[in-house]
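A.B. asks: This is the structure alone, sequence omitted:
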């Protein structure tokens, strides 16, 4: 059992390092890229306005313990990064039962957030691999940017 835990920790560390090594930001036009995929990021005001207008679904891919410890952006929904692929492979009913909100469809206005933006890029890569290609964006500064801009934080 301990050997399995050590192996899993090692694998997570290796994955984290791989993601960091393959993620870049093109400062000239603010396009986030990872490997061969590019995304147009959204900023604090766009997230705030989208939430106020109820025109976006904001999905936070941080782990649940991070939400408990740090709080979350009010109106955001949680699908932890390790669950993204299996979550979005569920049918609509299973998804809603497990995560408590309707499963977004391709074409819905969805913004992915995390702590700093790195896991959001990974989550969006995974979603694009599942065929979610339209109107899915990344909140580039994510929760840290939200807090820095004095956005309200909801305690979980």
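C.D. replies: The structure has been received and is ready for your questions. Since we're looking at a predicted model, the values are computed, not measured. Residues are numbered from 1 along each chain as shown.

A.B. asks: can you map out the helices along the chain?
C.D. replies: Ranges of helices in the chain, per DSSP state H, are 2-22, 44-52, 64-70, 84-89, 92-99, 118-129, 142-148.

A.B. asks: okay, those helices in CSV with distance to residue 155, mean pLDDT and mean neighbour count next?
C.D. replies: All C-beta spots, glycine's among them, are computed from the backbone N, C-alpha and C. Listed next are these as CSV, based on distance: least, C-beta to C-beta, whole Å; pLDDT from 0 to 100; neighbours: other C-beta atoms under 10 Å:
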stretch, distance to residue 155, mean pLDDT, mean neighbour count
helix 2-22, 27, 42, 10
helix 44-52, 17, 97, 16
helix 64-70, 8, 97, 14
helix 84-89, 24, 96, 15
helix 92-99, 19, 98, 13
helix 118-129, 21, 94, 21
helix 142-148, 13, 98, 18
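
A.B. asks: Make TSV out of these and add distance to residue 136.
C.D. replies: Shown next, in TSV, are the helices of the chain (distance: least, C-beta to C-beta, whole Å):
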stretch	distance to residue 136
helix 2-22	18
helix 44-52	13
helix 64-70	21
helix 84-89	11
helix 92-99	16
helix 118-129	6
helix 142-148	15
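
A.B. asks: do you know which of those helices lies nearest residue 106?
C.D. replies: helix 118-129 (9.0 Å; C-beta to C-beta).

A.B. asks: Quick one, which of the helices of the chain gets closest to residue 107.
C.D. replies: Using C-beta to C-beta, those put helix 118-129 closest to residue 107, at 12.5 Å.

A.B. asks: Quick one: list the elements packing against the closest one.
C.D. replies: Packed against helix 118-129 by the contact rule (3 or more C-beta pairs under 8 Å, 6 or more residues apart in numbering; DSSP states H and E) you find helix 2-22, strand 31-34, strand 37-39, helix 84-89, strand 110-113, strand 136-139.

A.B. asks: For residue 77, which of the helices of the chain is the nearest?
C.D. replies: Residue 77 lies closest, by C-beta to C-beta, to one member of the helices of the chain: helix 92-99, at 6.6 Å.
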